[in-house]
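Q: next comes the sequence, and after it the predicted model I'd like to discuss.
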Amino acid sequence: MFLCAEKHTSASERQHLVSGFLSGPSEDEPKKTLCALFDVRRSCTAEESREKEERLPPGLRSKQNKLQVLVITDKCHHPSIDCPLVYTVRARRDSARCCQDARRSSGDVEQVFQDLIRYGKTKRRLEQRRAVLRLLDVPKRWFWHFYAISVLWNGLLFILSFRAVVFGEALPEFLTDILGFLTGRPPAAWTELPLTVLVLQALLWVHSFRRLLECLLVSIFSDGMIHVVQYAFGLSYYIFLGLTVLCAGVSPPTDGLLRDSAGAFLSQLTWYHIAGVLLFIWASLLQHRSLSLLASLRTNSSGKVETLAHRIPHGGWFELVSCPHYLAELLIYTALGVCCGCCSLTWWLVVLYIFCNQALAAQLCHEYYQSTFKAYPHHRKAFIPFLL
């Protein structure tokens, strides 16, 4: 875009043209060139050039942080201009462009972050996702892969733990090497395992097996997606979770219990084992009931799938919170902490992670319900009844 002022143009008219040019272009437009013809000679000295620069309208001089002024002391050869001498002002909005680049970079980081913490229906709220991010999506229905890995791996750890607790057999060398690497303890630390380890391994396997059946037989997944990083993390999570049970820091029995009889280990059974198992059963029933209610929103009375759309859930603990199945997950891990006698710092750090993870997922889901359904109950909380 070129703007020319003939040499008979008055100063006020030139000021009006320059002001219009400076305020006209948007920040996103490419560079513009302003050509203003003044009443000057064909050639001039350096001192005269500085004088002519000082004669630039104030509106132009006030924009020196955004504009680079080039004084041309020879004929301008631009095809659209035929004049003896011009001032060529190239509009270079460097500062504005730097700010835009910074905002764009910040927006990219935020988009990647949001892409990593959201999945399923909450990911659909992300507008204009880049194509490269969509390439990293995998179906949410692949959740069952997590529990399949857990059933196999933690099933193996349960068998090894059972033989160690009941029959006093040593854990395999590869396993003690891994545990020693993770904790820094010598292999002898796992020569005798307490009953607590066996209880935790059994409950973890039962939980994984139930969730596997629910993913395959109960839940009805839509076309929701999860990030491939979330998928990879989920696969590794249940592998390390089983090892965490063995590294939970629970001290082995010190009362000289003999392993000669198969039932001797039952004397280690305590009240917190029973309390933890009861809480585990109740939380598992709550989670199964909640998942069944969610599945029923997409089926008819005969159990046939009729829609994959999201609807407002009702019944059970859905009357109190938006995501009772996430609350139940937290209670399940809390039950395992109770089985540890409430004294394992390692396991309570796991519970803290589950709380943060499930609370975030519940809040995002709660916001999705509120923004999607105008008639969504206002009294419901996201995660914890009456609190959160």
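A: Nice, thanks for sending it over.
Q: how about low-confidence regions in the chain?
A: Low-confidence segments of the chain, defined by pLDDT under 70: 1-108, 124-129, 249-265.
Q: scan it for its longest helix.
A: helix 345-372 (DSSP state H).
Q: may I see the buried residues of that one?
A: Across helix 345-372, burial judged by 16 or more other Cβ atoms under 10 Å covers 347-348, 350-351, 354-355, 358-359, 361-366, 368-369. (Each C-beta comes from the backbone N, C-alpha and C, glycine too.)
Q: which SS class is Asp217?
A: Careful, residue 217 is Leu; it's not Asp. Put simply, Leu217 is helix when judged by DSSP: H, G, I helix; E, B strand; the rest coil.
Q: show me where the stretch 51-200 of the chain has its strands.
A: 68-71, 87-91, 137-139 (DSSP state E, counting those that start in this stretch).
Q: ok, back up a step: the longest helix of the chain packs against which elements?
A: Judged by 3 or more Cβ pairs under 8 Å, 6 or more residues apart in numbering; DSSP states H and E, helix 345-372 is in contact with helix 228-246, helix 324-339.
Q: so can I have CSV of these showing distance to Tyr272?
A: Shown next, in CSV, are the helices and strands packed on helix 345-372 (distance: least, Cβ to Cβ, whole Å):
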stretch, distance to Tyr272
helix 228-246, 16
helix 324-339, 6
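Q: and of the ones you listed, who's closest to Pro172?
A: helix 228-246 (12.0 Å; Cβ to Cβ).
Q: tell me which residues are up against that closest one.
A: 116, 119, 136-138, 142-143, 145-147, 149-150, 153-154, 157, 161, 175, 178-179, 182, 190, 193, 197, 200-201, 204, 208, 346-347, 350 (Cβ atoms under 8 Å, 6 or more residues apart in numbering).
Q: quick check: buried residues in it?
A: 230-231, 234, 237-238, 241-246.
Q: and the angle for that helix with helix 345-372?
A: 150 degrees (axes from the mean of the first three to the mean of the last three Cα atoms, to 10 degrees).
Q: Leu193 contacts Val166, doesn't it?
A: No - Leu193 sits out of contact with Val166 when judged by Cβ atoms under 8 Å, with a separation of 9.9 Å.
Q: which one's more surrounded, those two?
A: Leu193 (26 against 18; other Cβ atoms under 10 Å).
Q: distance check, the residue nearest to that one when sequence neighbours are not counted against Phe280.
A: Once flanking residues are discounted, Leu193 sits nearest to Ala164: 4.7 Å by Cβ to Cβ, 6 or more residues apart in numbering. For Ala164, the distance to Phe280 equals 22 Å [Cβ to Cβ, to the nearest Å].
Q: and Ala188, by the same measure?
A: Distance from Ala188 to Phe280, by Cβ to Cβ: 31 Å.
Q: what of Leu327?
A: On the measure of Cβ to Cβ, Leu327 and Phe280 end up 14 Å apart.
Q: and those two? Which one has more around it.
A: Comparing Leu327 with Phe280 by neighbour count (other Cβ under 10 Å), the higher total belongs to Leu327, at 26 against 23.
Q: correct me, but that one touches Phe318?
A: No - taking Cβ under 8 Å as the definition, Leu327 is not a contact partner of Phe318, at 10.8 Å.
Q: look at the residue nearest to Trp348 when sequence neighbours are not counted and say how many residues are nearby.
A: Closest residue to Trp348 apart from its sequence neighbours, by Cβ to Cβ, 6+ apart: Gly337 at 5.7 Å. For Gly337, the tally of surrounding residues (other Cβ under 10 Å) stands at 22.
Q: my read: Gly337 touches Trp347, true?
A: Yes - if you go by Cβ under 8 Å, Gly337 and Trp347 touch, sitting 5.1 Å apart.
Q: and Leu133, how many neighbours?
A: 17.
Q: right, and Leu203 touches Ala335 too?
A: Yes - assessed by Cβ under 8 Å, Leu203 is found in contact with Ala335 at 7.4 Å.
Q: which one, of the helices and strands packed on helix 345-372, ends up nearest to Thr270?
A: When these are ranked by proximity to Thr270 (Cβ to Cβ), helix 324-339 comes first, at 9.4 Å.
Q: got the phi/psi numbers for Val305?
A: phi -70, psi 130 (degrees, to the nearest 10).
Q: how many neighbours does the residue nearest to Leu193 have?
A: Ala164: 22 neighbours (other Cβ under 10 Å).
Q: and the closest residue to Lys381 other than its chain neighbours, how many residues sit next to it?
A: In space, and not counting its chain neighbours, Lys381 is closest to Val321: 5.1 Å by Cβ to Cβ, 6+ apart. Counted with other Cβ under 10 Å, residues neighbouring Val321 total 22.
Q: any idea how far Val321 is from Arg210?
A: 21 Å.
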